[in-house]
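[1] This is a predicted model, with the sequence first.
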Amino acid sequence: MSDTSLQKTSPGRRMRLLAPPFLALPAVLFLVVFFVMPLIDNGMRSVISNDGGFTLSRYVSLLTDGFYLWIIAQTVLLSAGVTIISIMIGYPVAYFLVRKAGRFSGLIIFLLIAPLLTSIIMRTFGWQVLFARRGLVNNLLVDQLGILSAPLRLTNSPEIAIAALVHVLVPFMVLSIATVLQGIDTRLEESAKILGANRLRTFFEVTLPLSLDGIGTGAILVFMIANGSFVTLVLLGGGMQTLPLMIYQQFNTTRDFGMASAMSMILLVIAVSCLFLQLRLVRRKGT
Amino acid sequence: MNRDWINLGLAAFVVLFFVFMLAPILIVVLVSFTSAGYVSFPIPGWSLKWFAHIFEYQPFIDALIVSIEIAIGATILSCLIGVPAAIFLARSRSTWASGVMTFLLSPLSMPMIVIGFASLFFLSLIGVGISFAALLITHTVVCLPYIVRTVAGVYAGMPRSYEEAAAILGANPLLTFWHVTLPLIRPGIMAGSLFSFLTSFDNLPISYFFGSASTNTLPVVMLSYMENQFDPTIAALSTLQLLLAVTALLIVDRVYGIDKMTVAG
């Protein structure tokens, strides 16, 4: 009796000796000092007025002034739009990858990951070349097909910025959904078909509900990254005004650092909410 | 019949999807070989002059050196503090350890522009200011999660028996780490380092805030170049960068296997 319990506990104790908790200390301390402290400092700057007193006036204007509310709304709407488009494009691709690709699945995964190796500047530049005045699209429309008489001015439009964001983020969506689809027991789908459901009904009543977790994981990830996106919008923006762009502008031209800090805090609250949702989803999957 | 049409439609959709995914990248590669003096497509002829032009523009060279130094520095620093943390976290099942893991990965979830903006002010406050050290510190904040996640992922999949055997045979923890644990987690360290290097090298939202003549990274210089002119030099530089990333990936794959890299997800 005592012998078996000794056998059970002793490897555990030895492992604890090999990997004691203080090993995590340097990393934790580093992030506390250089990640958490700057954010706290930022929060303080957002509530200290220019003459040194405490103020909430910046948050009041951010959350009541129509101009700022519209900026926050545009930020959230842009991220939500990019997320929804990514789900609609990503789901069929993930489904194909898991259920139909067969020997092509390796190639598909490679093609999904390859764009992640390119720099953000390269991809943005690519969109500019495609839609520039003398770019591929205008060349096709004007010279080759003769549909238009003069080149379109396409580069600075929100549609291109959204397309570019979807381009960067949709691989994350495909991989999140594919992971969950992979785990679905196909016998459930077969049972539905045997019981008389057609392909469409089987998909909507069995496959889709079972893959909601993957959609959720992907959606949070895509929303979170789109929410903080900045380079794409600076170069392809098309007149959209989002929080990251306003922070950039406040820092660069207006130089109202207090306001930029308050905007950062709003952006941070959105990001932390996403992180919280993500953790809940992971926990639910774990149990 | 109906079934075939659905499958065909799905396959066509996937093909279109990859046209969408690859078009903006391939067009940049093509434009980098243009003989024209401006960006246009289709290109009138082939030339390598834009690759030569990269090396005639001194700020690109200076920034490239800064970028490489920062990417290597931040990756080494991340490994030094991240690998021990990952070793502990991969084997601990306590709830607070999973809390620590969440905390160490949390910089990935925060908007980079906020990290950059907040760090600029905080580092100036404590006297680091706009400097090489400041750039190194902030890049390490966003590189560390990649090391921790990948190493912990690889290590969690390793059986404990090797280390137990070493310990039973009398090796002290340090010897066990050096001769057993480290070789086991080396694929994780390599893969994490690759992600970390590429993340740092491509970072713009953080580096932007720490720009100065001696601390401008390559993306920062490329951005300001693009704001002033639209010529194929950026395409040539991007193509070189892609070549570098693909080569690095192939080397890591050849030595350790890409399948091992994706263990951590």
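    That came in fine, so what should we check first? Numbers count the residues shown, from 1 in each chain, chains lettered A, B, ... in the order given.

[2] which stretches of chain A form strands?
    Assigned strands in chain A: none (criterion: DSSP state E).

[3] need the contact list for the closest residue to chain B within the stretch 1-150 of chain A.
    Going by C-beta to the nearest C-beta, chain B is nearest to residue A:126 of the stretch 1-150 of chain A, at 2.9 Å. From N, CA and C alone the C-beta is placed, and that goes for glycine too. Residues in contact with residue A:126, defined by C-beta atoms under 8 Å, 6 or more residues apart in numbering or on different chains, are B:23, B:24, B:25, B:27, B:28.

[4] Give the closest residue to the second one in space, chain neighbours not counted.
    For residue B:24, ignoring the flanking residues on the chain, the nearest one in space by C-beta to C-beta, 6 or more residues apart in numbering or on different chains is residue A:126 at 2.9 Å.

[5] and the gap between the one you found and residue A:232?
    11 Å (C-beta to C-beta, to the nearest Å).

[6] Same question for residue B:205.
    To residue A:232, residue B:205 is 11 Å away according to C-beta to C-beta.

[7] picking that back up, turn the contacts of residue A:126 into TSV, columns for secondary structure, pLDDT and neighbour count.
    Formatted as TSV, the contacts of residue A:126 follow (DSSP: H, G, I helix; E, B strand; the rest coil; pLDDT from 0 to 100; neighbours: other C-beta atoms under 10 Å in any protein chain shown):
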residue	secondary structure	pLDDT	neighbour count
B:23	helix	90	16
B:24	helix	90	24
B:25	helix	92	21
B:27	helix	90	23
B:28	helix	90	30
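
[8] Of those, which pair is most distant in space?
    Farthest apart among those by C-beta to C-beta are B:23 and B:28. That separation is 9.8 Å.

[9] Quick check: residue B:130 is in a strand.
    No - counting by DSSP: H, G, I helix; E, B strand; the rest coil, residue B:130 falls outside a strand, being coil.

[10] So what does it look like in phi/psi?
    Main-chain torsions, residue B:130, degrees, to the nearest 10: phi -90, psi 100.

[11] Check the gap between the residue of the stretch 101-250 of chain B found nearest chain A and residue B:156 for me.
    Scanning the stretch 101-250 of chain B for the residue nearest chain A gives residue B:111, at 2.8 Å (criterion: C-beta to the nearest C-beta). Per C-beta to C-beta, residue B:111 is found 29 Å from residue B:156.

[12] which of those two has more neighbours?
    Set residue B:111 next to residue B:156 and count neighbours by other C-beta atoms under 10 Å in any protein chain shown: residue B:111 wins out with 23 against 14.

[13] looking at it, that one is touching residue A:265, isn't it?
    No - if you go by C-beta atoms under 8 Å, residue B:111 and residue A:265 don't touch, sitting 11.0 Å apart.

[14] okay, and the common contacts of these two?
    With C-beta under 8 Å, 6+ apart, residue B:111 and residue A:265 have no common neighbours.

[15] Can you name the residues that contact the nearest residue to residue B:108 once chain neighbours are set aside?
    Excluding its sequence neighbours, the residue lying closest to residue B:108 (C-beta to C-beta, 6+ apart) is residue B:145, at 4.7 Å. Listed by C-beta under 8 Å, 6+ apart, the contact set of residue B:145 reads B:104, B:105, B:106, B:107, B:108.

[16] Most neighbours among those, which one?
    Top of these by neighbour number is residue B:104, holding 26 neighbours under the definition other C-beta under 10 Å.

[17] any idea how far that residue is from residue A:244?
    Distance, residue B:104 to residue A:244, by C-beta to C-beta: 24 Å.

[18] one step back: in helices only, show me the contacts of residue B:145.
    Within the contacts of residue B:145, residues falling in helices by DSSP state H are B:104, B:105.

[19] okay, the contacts of residue B:145 in CSV with pLDDT and distance to residue B:234 next?
    What follows is the contacts of residue B:145, written out as CSV (pLDDT from 0 to 100; distance: C-beta to C-beta, whole Å):
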residue, pLDDT, distance to residue B:234
B:104, 95, 35
B:105, 93, 33
B:106, 93, 33
B:107, 94, 29
B:108, 90, 28
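
[20] ok, which pair from the contacts of residue B:145 is furthest apart?
    Spanning the widest gap among the contacts of residue B:145 are B:104 and B:108, at 9.6 Å by C-beta to C-beta.

[21] Understood, closing this out.
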